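Trainee: give me coordinates for this.
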Amino acid sequence: MTSMPQTPTPSDDIADLVAIMAWLRAPGRGCPWDLAQTFATIAPYTIEEAYEVADAIQRGDFADLRDELGDLLLQVVFHARMAEEQGLFAFPDVVRAITGKLIRRHPHVFGGDRDVSPAAVKGLWDSIKAEEKRARAAERQRLGLPAETAAGVLAGVPTALPALTRALKLQAKAGSVGFDWNNVDAVLAKIVEEAGEIVAARRDGAGPAAIADEVGDLLFAVVNLARHLDVDPEAALRGTNAKFERRFAAIEAALAAEGRKPAEASLAEMDALWDEAKRREKAGGA
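Mentor: Next up, the predicted model:
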């Protein structure tokens with residue numbers, strides 16, 4: 001980019017966004033904060049923006065969703081700009097890669113037989129992804145890059161994922177080769193077993209690390225239950241968090257009407273107000 005107005009205006013052209021990012025990263029004339037960033041320092045913001053997109057969807061706030069999607073898009077442009085500065089790749093390469101992937105993974109849409117079932121599409125994706133993996137290995141070899149670590153069944157699940165989501169993906173991969181419970185009842189029995197182990201650990205005076213380990217096992221089993229019931233555990237817990245916030249806010253509002261705060265009320269009083277908020281929700285009230 002050689003020219004950029006000192007006062008650029010909002011635009012619906014992606015090229016303008018790419019140009020503004022380049023200007024912000026231009027040494028001597030850009031933004032000091034933007035210039036100081038690296039892939040590592042920006043990565044947490046990328047994750048945060050993805051969560052904020054999910055939050056806007058959860059709240060049904062589509063005006064906010066528009067803005068949050070823009071923030072997430074900025075993260076892509078930011079990473080691509082830093083990569084271009086290092087001669088790695090540029091934003092057009094990112095676009096080319098994803099459009100190519102979409103075309104490759106949808107032969108039943110772009111030129112193939114459209115009369116395929118969802119199960120057949122899943123099988124098709126698996127074979128295409130396996131071919132992509134072979135092609136990626138060949139490209140790394142051509143570029144003189146080290147080979148990727150030998151991949152086991154559980155390989156490829158990012159460690160930066162939320163723990164519930166990562167547990168879900170690990171279990172699904174293990175299940176794909178038969179390492180899985182046969183039915184929901186077996187998973188429920190496992191949850192009871194894991195809860196019992198927490199009780200036993202506390203009874204036996206186990207330390208904090210051992211208790212944490214048992215709690216982790218219980219959470220992992222609950223994620224397995226969610227998977228067997230086709231429930232997204234991350235989304236389910238977000239919904240429960242929101243429900244808890246609503247009901248606790250109702251407790252605060254009821255106490256505020258009496259000139260009190262939660263710290264000034266007994267647990268029994270707050271429990272009664274909680275039950276009342278719950279009844280109103282179930283009845284469809286405010």
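
Trainee: how about low-confidence regions in the chain?
Mentor: Confidence mapping of the chain against pLDDT under 70 gives the ranges 1-6, 112-114, 149-151, 285-286.

Trainee: can you map out the strands along the stretch 151-286 of the chain?
Mentor: Taking DSSP state E, counting those that start in this stretch as the criterion, the stretch 151-286 of the chain contains no strands.

Trainee: helices along that one, start to end?
Mentor: All helices of the stretch 151-286 of the chain, identified by DSSP state H, counting those that start in this stretch, fall at 163-175, 184-203, 208-228, 233-256, 267-282.

Trainee: turn those helices into a markdown table, including distance to residue 97 and mean neighbour count.
Mentor: Placement of C-beta: from N, CA and C, glycine included. Listed next are the helices of the stretch 151-286 of the chain as a markdown table, based on distance: least, CB to CB, whole Å; neighbours: other CB atoms under 10 Å:
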| stretch | distance to residue 97 | mean neighbour count |
| --- | --- | --- |
| helix 163-175 | 22 | 17 |
| helix 184-203 | 38 | 14 |
| helix 208-228 | 30 | 17 |
| helix 233-256 | 27 | 14 |
| helix 267-282 | 46 | 14 |
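
Trainee: let's have those in JSON lines, adding distance to residue 100.
Mentor: Below are these laid out as JSON lines (distance: least, CB to CB, whole Å):
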{"stretch": "helix 163-175", "distance to residue 100": "24"}
{"stretch": "helix 184-203", "distance to residue 100": "39"}
{"stretch": "helix 208-228", "distance to residue 100": "31"}
{"stretch": "helix 233-256", "distance to residue 100": "29"}
{"stretch": "helix 267-282", "distance to residue 100": "48"}
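
Trainee: nearest to residue 96, out of those helices?
Mentor: Closest to residue 96 of the helices of the stretch 151-286 of the chain is helix 163-175 (CB to CB; 27.2 Å).

Trainee: in CSV, could you pull the C-alpha coordinates for the closest one?
Mentor: Provided in CSV are the C-alpha atoms of helix 163-175 (Å, rounded to 0.1, in the frame of the first residue of the first chain):
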residue,chain,number,x,y,z
ALA,A,163,-11.9,-27.7,28.1
LEU,A,164,-15.5,-28.9,27.6
THR,A,165,-15.3,-28.5,23.9
ARG,A,166,-11.9,-30.2,23.7
ALA,A,167,-13.2,-33.1,25.9
LEU,A,168,-16.1,-33.5,23.5
LYS,A,169,-13.8,-33.7,20.4
LEU,A,170,-11.3,-36.1,22.1
GLN,A,171,-14.2,-38.4,23.0
ALA,A,172,-15.6,-38.2,19.5
LYS,A,173,-12.3,-39.2,18.0
ALA,A,174,-11.8,-42.1,20.4
GLY,A,175,-15.4,-43.1,19.7
